[in-house]
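> Sequence and computational prediction follow.
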Amino acid sequence: MIKNIQEEILRLKKEKNCCILAHSYVAKEITEIADFVGDSFQLSAAAEKVDNNMILFCGVHFMAETAKLLSPDKKVVLAAPQAGCPMAEQFTPEEVEAFRKEHPDYAVVSYINTTAALKCVTDVCVTSASALNVVGNMEEQNILFIPDINLGSYVKENFPEKNIVLWNGGCPIHGKMKAEDAIKAKKLHPDALLLVHPECPPEVCKEADYIGSTGGIMKYVDEHEHKEYIIGTEISIAELLSYKYPDRCFYPMHKGLICADMKETTLMDVYKALLGTGGLEIEMSKEYVEKASGCIRRMLELN
Ligand code: 13P
Ligand code: SF4
């Protein structure tokens, strides 16, 4: 049954001249039929280069918005309309504007996990993969970093010479990890290397052998021969790596590392979005695209 629907999706995708972009955290039956699978940075870079008429995004709302901002002339559809990232709405544009008024000498750096409205008041966006390069290449010394306090702390630690102000937001999934979770996993698997996402708190990152984005973690495994790994990010990554390297072992750091929003997208959502009976088309005026896309383009230039 799954295979039949996948085949029908592949047929419709061709007929509609559609490119399917999927974040690595979505279900495997979807990543199997996607044209491109990756982390937030890789997907932004891919969205900018798509030459199909339509982009069907399998992930969460801010990601489809980002694709629209980078490819405004394409039809961009989010397969599961209800899939959102809780972190994206933790602050409002008004709060950022108020900070700017009081601190005109600060640049606003936003994690890409923000709404398009927040991007309108942002100077530069970062993803977890690009944050160090982008902040390192910025001339500004005074930075407000929103919304993820954990990714922000990781950046701050790498640039002690910069004055980085953090606000207290973050990912409810990675952010609830504790040092004890990392220590417990390492005790259980003493020969394994611990690879963690910088959305995890600093005390978890301190236990890690490597800290990096989803794509960074996968690349680390590609480039090392080590046989056992504890994966400190969303559970799909341990699963994807297990399929890719069946002779190695990948243990999730914690069984609670499941993003319900990333699991919202079903194969039927993809099918219905292609049929035109489901999904959410992302629509924005030309002026809005101009206002909100500058910070993403600046990220691509500075990375
Ligand atoms: P990356 O895709 O940058 O690794 O971020 C993970 C994540 O939580 C996306 O929402
Ligand atoms: Fe948002 Fe966290 Fe889910 Fe990523 S894993 S979409 S940051 S809630």
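Looks like it came in fine. Numbers count the residues shown, from 1 in each chain. Ligands and ions are numbered 1, 2, ... in the order given.

> Distance check, the residue most central in space within the chain against residue 111.
Taking C-alpha atoms, centre = their mean as the criterion, residue 40 is the residue nearest the geometric centre of the chain, at 3.6 Å. Look at residue 40 and residue 111: by C-beta to C-beta, to the nearest Å, they are 9 Å apart. Backbone N, C-alpha and C define where each C-beta goes, glycine included.

> Now list whatever residues contact both of those two.
Counting by C-beta atoms under 8 Å, 6 or more residues apart in numbering, the contacts common to residue 40 and residue 111 are 127-128.

> So for the nearest residue to residue 58 once chain neighbours are set aside, what's the pLDDT?
Spatial nearest neighbour of residue 58, excluding adjacent residues (C-beta to C-beta, 6 or more residues apart in numbering): residue 22 at 4.0 Å. pLDDT, residue 22: 98.

> Helix, strand, or coil at residue 22?
strand (DSSP: H, G, I helix; E, B strand; the rest coil).

> Hmm, residue 59 and it touching each other?
Yes - using C-beta atoms under 8 Å, residue 22 makes contact with residue 59 at a distance of 6.6 Å.

> Need phi/psi at residue 57.
Main-chain torsions, residue 57, degrees, to the nearest 10: phi -100, psi 130.

> what comes up buried for the helix or strand bottoming out on mean pLDDT in the chain?
Lowest by mean pLDDT, DSSP states H and E among the helices and strands of the chain is helix 40-49, with a mean of 92. Neighbour counts over helix 40-49 (16 or more other C-beta atoms under 10 Å) mark 40-47 as buried.

> and it, anywhere near ligand 2?
No - Helix 40-49 does not reach ligand 2 (C-beta under 6 Å from any ligand atom); its nearest approach is 8.3 Å.

> Can you name the residues in contact with that helix?
Helix 40-49 has contacts (C-beta under 8 Å, 6+ apart) with 21, 23, 36, 38, 55, 59, 63, 66-67, 70-71, 112-113, 127-130, 213-215, 296, 299-300, 303.

> Pull out the buried residues from these.
Among these, those buried by neighbour count (16+ other C-beta under 10 Å) are 21, 23, 36, 38, 55, 59, 63, 66-67, 70-71, 112-113, 127-130, 213-215, 296, 299, 303.

> Helices of this structure, start to end?
Secondary structure of the chain (DSSP state H): helices at 2-15, 28-31, 40-49, 61-70, 93-102, 116-119, 131-137, 149-158, 179-188, 202-205, 214-223, 235-244, 267-275, 286-302.

> okay, the ones you listed, which one's buried deepest?
Mean neighbour count, computed with mean count of other C-beta atoms under 10 Å, is highest for helix 61-70 among the helices of the chain, reaching a mean of 26.

> do that one and ligand 1 meet at all?
No - judged by C-beta under 6 Å from any ligand atom, helix 61-70 stays clear of ligand 1, getting no closer than 7.5 Å.

> and stretch 193-202, how far from the chain's centre?
A distance of 15 Å separates the centroid of the chain from that of stretch 193-202, by C-alpha atoms, centre = their mean, to the nearest Å.

> Likewise for stretch 98-115?
The answer for stretch 98-115 is 20 Å, by C-alpha atoms, centre = their mean.

> Export it to CSV, keeping only CA atoms.
The C-alpha coordinates for stretch 98-115 follow below in CSV (Å, rounded to 0.1, in the frame of the first residue of the first chain):
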residue,chain,number,x,y,z
ALA,A,98,11.3,47.8,21.3
PHE,A,99,14.8,46.4,21.9
ARG,A,100,16.1,48.1,18.7
LYS,A,101,14.8,51.4,19.9
GLU,A,102,16.6,51.2,23.2
HIS,A,103,19.8,49.7,21.6
PRO,A,104,20.3,51.2,18.2
ASP,A,105,23.9,49.9,18.1
TYR,A,106,22.8,46.2,18.2
ALA,A,107,22.4,43.9,15.2
VAL,A,108,19.5,41.4,15.5
VAL,A,109,20.5,37.8,14.6
SER,A,110,17.6,35.4,14.4
TYR,A,111,17.7,31.6,14.2
ILE,A,112,15.9,30.6,11.0
ASN,A,113,13.2,29.0,13.3
THR,A,114,11.2,32.2,13.4
THR,A,115,8.1,33.5,11.6
